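Asks: my questions concern the predicted model and sequence given below.
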Amino acid sequence: MSNVLIVDDDPAILEILRAYLKAEGHTVLEAADGPTAREHLARADVAVLDWMLPGVSGVDLAREARASGLNLPILMLTARGEEEDKLRGLDGGVDDYVVKPFSPREVTARVRALLRRVGVHEEITVGGLHIDLRGRLATLDTRPLELSKLEFDLLSALAQHAGMAWPRERLLERVWGSDFPGTERVVDVHITALRKKLGDTSDTPRYIETVRGVGYRFREG
C-alpha cells in the first residue's frame, strides 16, 4: 500500500491512528514534533499533520512541503474549526481537514480518498510491466522479476509518480531513509541494476529515463 506519515504530539492519537492505518495495509511513519516530521516528508505518500506541534506548526510544515516541490496530499488534524483558520491552512497547502475530536475511521477514509485523488494505486501496469504494490510483486511480460527489496521500493516510488522528475537526494530519502550514511551514487548503482532487469538502457529507455542534472523519471504509459 502507501507510506502514511502521522504527526501528532499526543501518543494516544498516534497509537490509535497507527492501528487503523496499519489495518488498512499502509506503512506508517510517525513523528511527535515538526523537526522530526521534516525528516519523513520525502518518504510519505500522504501526511496527517496536527496543527499545533512542538517546534514547527502543521501549517508551516505544509507550506515547507509545497515550497520544496513535494506534491503529497496533506490532511490536517485540528481543534480549530473556524472558517478563517481553515482558509489559512488551505492557502498554506492543506488538502483536507478533520476537526478534533474525530473518528479514526473518518481519518482512514479521508486518507484513502486523498490517495485516490492523486492516483496512488495498489497495482500499476505500463506496457508489459505490472507492479503489485500490496503483494510486492513485479512482472515483465508475465515473467516474474527477481528484485531486491531496495530495487522494488525504488521501482515503486518512481512508478507511483510517473512523469515526475525525482532528484537523487529525494529518492535517497524516500527509499533508503533520511539517516542513510551513503551518498547519492547508490541511487545510480541501483537504477543501473534495475534497468538491466527491466531490459532498459539509458539511451533508449522504456521505463526509467535519466533527467540530466536532476535524477530520474518513470515514463508515463
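Replies: Looks like it came in fine.
Asks: what pLDDT does the most centrally placed residue in the chain get?
Replies: Central residue of the chain (C-alpha atoms, centre = their mean): Asp45, 2.3 Å from the mean position. Predicted confidence (pLDDT) for Asp45: 87.
Asks: host element of Gly55?
Replies: Of the helices and strands defined by DSSP states H and E, none includes Gly55.
Asks: please shift the residue numbers so they start at 15 in all later answers.
Replies: Done: numbering now begins at 15, and the last item shifts to Gly69.
Asks: which residues touch it?
Replies: Gly69 makes contacts with 47-49, as judged by C-beta atoms under 8 Å, 6 or more residues apart in numbering. Quick note: C-beta positions are derived from backbone N, CA and C, even for glycine.
Asks: among those residues, name the ones in helices.
Replies: Those of the contacts of Gly69 mapping onto helices are 48-49, per DSSP state H.
Asks: ChimeraX command to pick out the buried ones of the contacts of Gly69?
Replies: Selection of buried members from the contacts of Gly69 for ChimeraX, criterion 16 or more other C-beta atoms under 10 Å:
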select :48
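Asks: coming back round to it: list the contacts for the nearest residue to the residue nearest to the centre of the chain once chain neighbours are set aside?
Replies: Closest residue to Asp59 apart from its sequence neighbours, by C-beta to C-beta, 6 or more residues apart in numbering: Ser16 at 3.9 Å. Applying C-beta under 8 Å, 6+ apart to Ser16 gives the contacts 40-41, 59-60, 129, 134, 147.
Asks: redo those as CSV? Include secondary structure.
Replies: Listed next are these as CSV, based on DSSP: H, G, I helix; E, B strand; the rest coil:
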residue, secondary structure
His40, coil
Thr41, strand
Asp59, coil
Val60, strand
Leu129, helix
Val134, coil
Leu147, coil
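Asks: which of the residues you listed ranks first by neighbour count?
Replies: When neighbours are taken as other C-beta atoms under 10 Å, the top entry among the contacts of Ser16 is Val60 (25 neighbours).
Asks: correct me, but that one touches Leu84?
Replies: No: Val60 sits out of contact with Leu84 when judged by C-beta atoms under 8 Å, with a separation of 11.1 Å.
Asks: C-terminal to the helix-or-strand element of the chain with minimal mean pLDDT, what's the next element?
Replies: Here the helix or strand of the chain ranked lowest by mean pLDDT, DSSP states H and E is helix 97-105, holding a mean of 59. For helix 97-105, the following helix or strand on the C-terminal side (DSSP H and E) is strand 110-113.
Asks: how much space separates the residue lying closest to Leu159 once chain neighbours are set aside from Leu208?
Replies: Spatial nearest neighbour of Leu159, excluding adjacent residues (C-beta to C-beta, 6+ apart): Ala152 at 4.5 Å. To Leu208, Ala152 is 10 Å away according to C-beta to C-beta, to the nearest Å.
Asks: any common contacting residues for these two?
Replies: Common contact partners of Ala152 and Leu208 (C-beta under 8 Å, 6+ apart): 161, 169.
Asks: where does the protein have low pLDDT?
Replies: In the predicted model of the chain, residues 15, 94-106, 132-136, 192-193, 235 satisfy pLDDT under 70.
Asks: in it, which spans are helices?
Replies: For the chain, the helices defined by DSSP H occupy 25-37, 48-55, 72-81, 97-105, 118-131, 163-174, 182-185, 199-212.
Asks: mind checking which of these is nearest Arg157?
Replies: Evaluated over the helices of the chain, closeness to Arg157 peaks at helix 199-212, with 10.3 Å, by C-beta to C-beta.
Asks: fine by me, thanks again.
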